[in-house]
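Peer 1: what's the 3D shape of this:
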Amino acid sequence: MNTLEKLKEITADLESDEMMAVDAQGKKYTLEQASKAGVNVTITSSKNSALVSFKNAFGIDLSDNKELNQLNKLLGAVTGGGSATGGKRKRLTDDEKRELIKDWHDNQKKYANKADFSKKNNVSYQSFLQWEKQFGE
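Peer 2: As a prediction, this is how the structure comes out:
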C-alpha cells in the first residue's frame, strides 16, 4: 500500500469513528469474520485504530500536541497558509460593543436569531448576551 492510499484509509477511519475488531498485527475484521477465522481480536474505535496506524506508518503521534503543532506548521508552510494563532482574541471597546448591540436592534429581522447574529459578527453568543444586558436600551 502506498503512502497516499494509507493516508486515505486513515482519514476514512478518523471520519467514521465506528467500533471495529483488530487483531494483534493490526488487520481489521468484522466480528463475523474474526469468529469464523478463529482470530483473537480487540474491539476498538476506528478513530483510535487510525491514530495508531498513523503513528506506525509515519512516526507521528497525532494525540501529542507538540507533534500535531509541528505537523500543522509543516502543512501551513507547504500550502502557504500561516499557522492558526490560537488564544489571541480581539478585544472590543465599549463603543464597539454598543455599536454591535445597536446593529442587532436595527437589523433583528435580517438575522434568524441572536446566535446567528453573534456568529456572523465573530463574537461568542454568551458575550453578546452579556453586552446586550450591559449596553441594551
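Peer 1: enumerate every residue touching Glu9.
Peer 2: With contact taken as C-beta atoms under 8 Å, 6 or more residues apart in numbering, Glu9 is in contact with Met1, Ser53. For every residue, glycine as well, the C-beta is placed using N, CA and C.
Peer 1: can you tell me the element it falls in?
Peer 2: Per DSSP states H and E: Glu9 is located in helix 3-16.
Peer 1: that helix: how far from the chain's middle?
Peer 2: Helix 3-16 has its C-alpha centroid displaced from the chain centroid by 16 Å (C-alpha atoms, centre = their mean, to the nearest Å).
Peer 1: enumerate the positions of that helix that are buried.
Peer 2: Going by neighbour count (16 or more other C-beta atoms under 10 Å), the buried part of helix 3-16 is Ile10, Asp13, Leu14.
Peer 1: closest one of these to Tyr125?
Peer 2: The closest of the buried residues of helix 3-16 to Tyr125 turns out to be Leu14 (C-beta to C-beta; 28.7 Å).
Peer 1: list the contacts for Tyr55?
Peer 2: To be clear, residue 55 is Lys; Tyr isn't right here. Lys55 sits next to Asp61, Leu62 when contact means C-beta under 8 Å, 6+ apart.
Peer 1: quick one: pLDDT of it?
Peer 2: In this model, Lys55 is scored at 92, pLDDT.
Peer 1: mind checking how far it is from Leu4?
Peer 2: To Leu4, Lys55 is 18 Å away according to C-beta to C-beta, to the nearest Å.
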